[in-house]
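A.B. asks: Got a predicted model here, sequence first, then my questions.
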Amino acid sequence: MSRSGLTAPYGLKTSYALKTIVWSSSSPEEQQQLLARPAMDPGGRRQVVTNIIRDVRSGGDAAVQALTQRFDGVTAAVYEYGPEALAAARKEIAPELAEALQEAADRIRAFHQADVPVDNTIETAPGLRCSVVYRPLQVVGLYIPGGSAPLVSTVLMLAIPAQIAGCEEIVLCSPPNVDGEIPAEILAAAGLCGVSRVFCCGGAQAIAAMAYGTDQIPRCHKIFGPG
């Protein structure tokens with residue numbers, strides 16, 4: 001796993017050497033070692049992320065772009081993609097992919113549309129009425145991994161429910177590829193789902209930007225990601 005996405009492109013076939021363990025032949029000590037979860041020291045990572053959040057809160061968009069250069073090794077060719085870019089991306093991808101995206105979007109929309117909660121009011125006692133009222137979040141942020149394997153499915157599965165819910169603004173952040181761009185597949189998928197604004201940045205700096213807001217990236221009321 002890279003900082004911003006999967007290390008292997010779609011369709012890559014990799015062979016792995018599997019180690020065979022005969023449980024009955026292992027001693028009790030060996031069995032305990034095999035069952036032990038790998039120990040992780042989050043201290044170093046926590047400090048790195050703390051520093052990133054601090055830099056984004058103080059430096060805004062300039063810090064986001066500087067951190068993108070630092071961690072992804074490229075400068076974003078375009079920091080924010082407008083509606084025209086999303087519409088143009090649909091024409092750049094293969095027709096078969098465009099058709100598959102549309103079909104997937106229709107299926108996902110049908111599923112979530114059937115699950116929309118409805119307001120309800122009941123009278124629990126004479127003169128006492130209790131209600132359940134649903135209201136959409138105004139601004140939501142979506143984090144879409146990119147790199148060598150753009151997760152277009154994540155765009156559809158996150159943005160379509162937000163669109164159905166009636167969120168006023170859907171913000172999407174995704175890291176740049178080696179050319180400093182968000183892949184056309186992600187842009188095309190975003191255009192299908194009513195995404196309002198798309199920014200070329202990834203990693204903890206993108207999450208921090210959506211959490212606290214910058215001059216360009218809106219502060220989001222809730223942030224969603226894959227899984």
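C.D. replies: Arrived safely.

A.B. asks: Packing partners of whichever helix in the chain runs longest?
C.D. replies: With secondary structure taken from DSSP state H, the chain has its longest helix at helix 43-72. Contact here means 3 or more C-beta pairs under 8 Å, 6 or more residues apart in numbering; DSSP states H and E; on that basis helix 43-72 packs against helix 203-212. Every C-beta, even on glycine, is put in place using the N, C-alpha and C of the backbone.

A.B. asks: With adjacent residues omitted, what lies nearest to the residue nearest the centre of the chain?
C.D. replies: By C-alpha atoms, centre = their mean, the chain has its centre lying nearest to residue 143, at 2.5 Å. Counting by C-beta to C-beta, 6 or more residues apart in numbering, residue 143 lies nearest to residue 225, which is 4.1 Å off, once chain neighbours are set aside.

A.B. asks: Cross-check the contact I'm expecting between the one you found and residue 151.
C.D. replies: No - taking contacts as C-beta atoms under 8 Å, residue 225 lies outside contact range of residue 151: 9.8 Å.

A.B. asks: neighbours around residue 133, how many?
C.D. replies: 8 (other C-beta atoms under 10 Å).

A.B. asks: My understanding was that it contacts residue 117; is that so?
C.D. replies: No - with contact defined as C-beta under 8 Å, residue 133 does not count as touching residue 117 (9.9 Å).

A.B. asks: how many neighbours does residue 43 have?
C.D. replies: Using other C-beta under 10 Å, residue 43 has 8 other residues around it.

A.B. asks: Roughly how far does it sit from residue 174?
C.D. replies: From residue 43 over to residue 174 the distance is 29 Å, taken as C-beta to C-beta, to the nearest Å.

A.B. asks: in what helix or strand does residue 162 lie?
C.D. replies: Element membership of residue 162, judged by DSSP states H and E, is helix 152-165.

A.B. asks: who's in contact with residue 158?
C.D. replies: When the contact criterion is C-beta atoms under 8 Å, 6 or more residues apart in numbering, the partners of residue 158 are 142, 144, 224, 225, 226.

A.B. asks: rerun that using 10 Å as the cut-off
C.D. replies: For residue 158, the contacting residues are 108, 140-144, 151, 170, 172, 193, 195, 224-226, by C-beta atoms under 10 Å, 6 or more residues apart in numbering.

A.B. asks: if we can go back for a sec, got the buried residues for the helix holding residue 162?
C.D. replies: 152, 154-165 (16 or more other C-beta atoms under 10 Å).
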